[in-house]
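**Q** Below are the sequence and a predicted model for it; my questions follow.
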Amino acid sequence: MSFGDQNNPYGAPQQAPGYGYPQQPQGAQPGQPYAAYPQGQGGYAGAPQGPQVMPGVTKAARIMLYAIAAVHVIVAGLCAAGVAAISDAKKTHSGGTVTTAQGDTVDADTVFDAGKGVFAFLAALAVIFAVIGIILAVRYAKGGNGVRVGSIVYAAFGIISGLVCIIFYGIGLVGLILSILVIVFAAKQASNEWFRRPRY
């Protein structure tokens, strides 16, 4: 009876290499078969890591989006007040005529209706811009890169509306400045990293 015979039922059990528990490398301590996991920032090795907390410039851009939305709400209110003022003026001057700069006479009711239509359109547009700004600002916490790009595009339109609305007691100037700052802050590298961070 030989000790090395694999078919011997009374001999010491033999185990073929590569089966069962993994073999310990040379020089390893018993009880600790694997090397310790390298402690880092967590996640898988080689996976892109992003900031865990929203950066300050991104928070500032978010707050400015809320402020731009508030400016648009104020502009919508001023436009609605303009519609009401035109309606009151129409009641007092109904049935008259208005002479244009070219010397043509136009019915006053047509001019009042056109003015009301322009102000009502601007009020509706301002409300839509306010809603879009609030939606973008709310999405800053969990949104992807599309929110950042959408914020930049929204702020570009905010610059245009700020230029148009400067006639409203300088409120358009506030919107103009805030829109420029949103573009600058949303385009920074810290904001880019925040919106491109992995979400699990």
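**A** Yep, that arrived.
**Q** So which bits of the helix or strand where Ala130 lies are buried?
**A** Secondary structure assigned from DSSP states H and E places Ala130 in helix 108-138. Residues of helix 108-138 classed as buried: 108, 111-112, 115-116, 119, 122-123, 125-127, 129-130, 132-134, 136-137 (neighbour count, 16 or more other C-beta atoms under 10 Å). Where you see a C-beta, it was placed from the backbone N, CA and C, and this is true even at glycine.
**Q** other SSEs contacting the helix or strand following it?
**A** Once the chain leaves helix 108-138, the next helix or strand it forms, by DSSP H and E, is helix 145-164. Helix 145-164 is packed against helix 56-92, helix 108-138, helix 171-186, helix 189-195, with contacts defined by 3 or more C-beta pairs under 8 Å, 6 or more residues apart in numbering; DSSP states H and E.
**Q** In CSV, list those helices along with distance to Gly144 and mean pLDDT.
**A** Below are the helices and strands packed on helix 145-164 laid out as CSV (distance: least, C-beta to C-beta, whole Å; pLDDT from 0 to 100):
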stretch, distance to Gly144, mean pLDDT
helix 56-92, 13, 90
helix 108-138, 12, 90
helix 171-186, 13, 92
helix 189-195, 6, 87
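**Q** Tell me which of those lies nearest to Gly146.
**A** helix 189-195 (8.3 Å; C-beta to C-beta).
**Q** which residue ends up closest to the midpoint of this protein in space?
**A** Centroid-nearest residue in the chain, with C-alpha atoms, centre = their mean: Val147, separated by 3.2 Å.
**Q** Leaving out sequence neighbours, find the closest residue to it.
**A** In space, and not counting its chain neighbours, Val147 is closest to Arg139: 4.6 Å by C-beta to C-beta, 6 or more residues apart in numbering.
**Q** distance of that neighbour from Ala155?
**A** Computed as C-beta to C-beta, to the nearest Å, the Arg139 to Ala155 distance reads 15 Å.
**Q** Just want to know which of the two has more residues nearby.
**A** Ala155 (27 against 18; other C-beta atoms under 10 Å).
**Q** Check the more buried one and give its pLDDT.
**A** Per-residue confidence (pLDDT) for Ala155: 94.
**Q** begin at 112 from here
**A** That works, and once the first residue is 112, the last one we named lands at Ala266.
**Q** and it, what is it in contact with?
**A** Residues in contact with Ala266 (C-beta atoms under 8 Å, 6 or more residues apart in numbering) are 179, 290-291, 293-294, 297.
**Q** which one of those sits closest to Val168?
**A** Closest approach between those and Val168, by C-beta to C-beta: Ala297, at 8.4 Å.
**Q** Number of residues surrounding that closest one?
**A** 29.
**Q** Also Ala195?
**A** By the criterion of other C-beta under 10 Å, Ala195 has 12 neighbours.
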